[in-house]
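Q: I would like to see how this sequence folds:
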Amino acid sequence: MYYKKILFATTASPACDNAAKVAFDMAMKYDAELVVFHVLGVPTRGFSTQVTDVKTGELEEMYDENYVALVKEEIKSYYEELSDQVNVRIETGVGVPYREILRQARAEDADLIIMGSNTRAEDVSSTRYRGVAGETLRKVAKRARCPVAIISRPCTTCWKLFSNIVVATDFSKASDSAFMYAMKSAEAVGARLYIFHAYDLSASYAGGKAPTQGEIEQRVKEAEQKIKERYLSKMDGFDNYEVAIWEGTPYVEILKYARAKQADLIVMAHHAREYSNPDEAEFGSTVEEVVLRAPCPVASVNHPDKVAD
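A: Next up, the predicted model:
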């Protein structure tokens, strides 16, 4: 897995500091160009030159050439200590943040997007932080054509020194892309690959009847066969892997397994519900629950683009 261009979406605030360290570190290690991208705000109306600042949600600024230059200078200064030996370019956009991030990633043909789980500072031990992923993250992770690395806590291991990578699959088409990204990444850095599936017991109980032990064991056998057919048959000589199937609530089992294997990275596909009112999005998909609680970075992969190379 080789990265030529990395897009780091940021508000240039402490909420993005953990993601920033990973983004600059990866760009230096892979000798990639790092595009630091900041959305100035949402226009108050039509083609207005006034925007609602996305960092505070309150201020309105006039954006023109001078204002953009000032913001870029502030961002450059904020990340000055991390920029040594990194090929950095700072870009800005105006509009709805997730749309602008996706648009910039497509325009740049980015190989990877890096961002934090929230754009506003939160107490990571708070109940709210554990229950709410940022709306921008949710939509970028779901719709991006390239992998999205989500950094919600300090990453103590350099990306190139990862030893253990867990890929969690639900056997969806998107999970096939996640598996391929995880395997390529494991090959590239010499990490051990853990292929994991959680049989969803909560879904089994939803019908009002608890599955018998025999039914659970049958589901596990079916999952083992799927892993052999969908993944092991495509390993092409790569043998540094383990397979595990646990039963329970998927995000809980993924987190338990990742901790047991001391995972440096969790790779998953993103399946999220749509909300008519973003404020109602208190509970996200499995990947969002994992992002908010995982002790390591999480990569969301939904498309085969940028995965096979």
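Q: What segments of the chain are strands?
A: Listed from the start of the chain, the chain has strands (DSSP state E) covering 5-9, 33-43, 50-53, 60-62, 87-94, 112-116, 148-151, 164-168, 192-200, 241-248, 265-268, 298-300.
Q: Redo the ones you listed as TSV? Include mean pLDDT.
A: Rendered in TSV, the data for the strands of the chain read as follows (pLDDT from 0 to 100):
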stretch	mean pLDDT
strand 5-9	97
strand 33-43	87
strand 50-53	66
strand 60-62	61
strand 87-94	94
strand 112-116	93
strand 148-151	92
strand 164-168	96
strand 192-200	95
strand 241-248	96
strand 265-268	94
strand 298-300	92
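Q: Tell me which of these sits most buried.
A: Mean neighbours per residue, mean count of other C-beta atoms under 10 Å, is largest over the strands of the chain for strand 265-268, with a mean of 29. In this view, the C-beta of every residue, glycine as well, is placed from N, C-alpha and C.
Q: which residues touch it?
A: 159, 162, 164-168, 175, 178-179, 181-182, 185, 191, 254, 258, 286-287, 290, 294, 296-301 (C-beta atoms under 8 Å, 6 or more residues apart in numbering).
Q: Tabulate the strands of the chain (CSV), appending distance to Arg103.
A: Formatted as CSV, the entries for the strands of the chain read as follows, by distance: least, C-beta to C-beta, whole Å:
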stretch, distance to Arg103
strand 5-9, 11
strand 33-43, 10
strand 50-53, 16
strand 60-62, 21
strand 87-94, 7
strand 112-116, 12
strand 148-151, 15
strand 164-168, 29
strand 192-200, 33
strand 241-248, 37
strand 265-268, 24
strand 298-300, 18
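Q: Ok, which of those strands comes nearest Tyr231?
A: Using C-beta to C-beta as the criterion, the shortest distance between Tyr231 and the strands of the chain is 5.8 Å, found for strand 192-200.
Q: Dump the closest one to CSV, keeping only the CA atoms.
A: Taking only C-alpha atoms (Å, rounded to 0.1, in the frame of the first residue of the first chain), the coordinates of strand 192-200 have been written out as CSV:
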residue,chain,number,x,y,z
ARG,A,192,-0.2,-9.7,11.3
LEU,A,193,-3.7,-9.7,9.8
TYR,A,194,-6.7,-10.7,12.0
ILE,A,195,-9.8,-11.5,10.0
PHE,A,196,-12.8,-11.2,12.4
HIS,A,197,-16.5,-11.7,12.2
ALA,A,198,-19.1,-11.1,14.9
TYR,A,199,-22.3,-13.2,14.7
ASP,A,200,-25.0,-10.7,15.7
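Q: Counting by contacts, list what that strand packs against.
A: Using 3 or more C-beta pairs under 8 Å, 6 or more residues apart in numbering; DSSP states H and E as the contact criterion, the secondary-structure elements in contact with strand 192-200 are strand 164-168, helix 173-189, helix 213-230, strand 241-248, helix 250-260.
Q: now Glu247, nearest residue through space, not along the chain?
A: Nearest non-adjacent residue to Glu247, counting by C-beta to C-beta, 6 or more residues apart in numbering: Tyr199, 4.2 Å away.
Q: Just the pLDDT for Asn105.
A: If you look again at residue 105, you'll see it is Ala, not Asn. Looking at Ala105, its pLDDT stands at 97.
Q: Name the nearest residue to it, sequence neighbours excluded.
A: Nearest-residue entry for Ala105: Leu7, 5.0 Å, with adjacent residues in sequence omitted and distances by C-beta to C-beta, 6+ apart.
Q: Who does that neighbour form a beta bridge with?
A: Counting by DSSP bridges, Leu7 is bridged to Val35, Ile113.
Q: residues in contact with it?
A: For Leu7, the contacting residues are 35, 37, 101, 104-105, 108, 110, 112-114, by C-beta under 8 Å, 6+ apart.
Q: Am I right that the residue nearest to Glu247 is in contact with Lys226?
A: No. Using C-beta atoms under 8 Å as the test, Tyr199 is too far from Lys226 to be in contact (11.3 Å).
Q: in the stretch 151-300 of the chain, what spans have low per-residue confidence?
A: By pLDDT under 70, the low-scoring segments of the stretch 151-300 of the chain are 203-208, 271-284.
Q: Number of residues surrounding the residue lying closest to Leu255 once chain neighbours are set aside?
A: What sits nearest to Leu255 in space, not counting adjacent residues and going by C-beta to C-beta, 6+ apart, is Arg293, at 5.6 Å. Other residues near Arg293 come to 18 when the count uses other C-beta atoms under 10 Å.
Q: quick one: Arg293 and Ala258, what's the gap?
A: Arg293 is 10 Å from Ala258, where distance means C-beta to C-beta, to the nearest Å.
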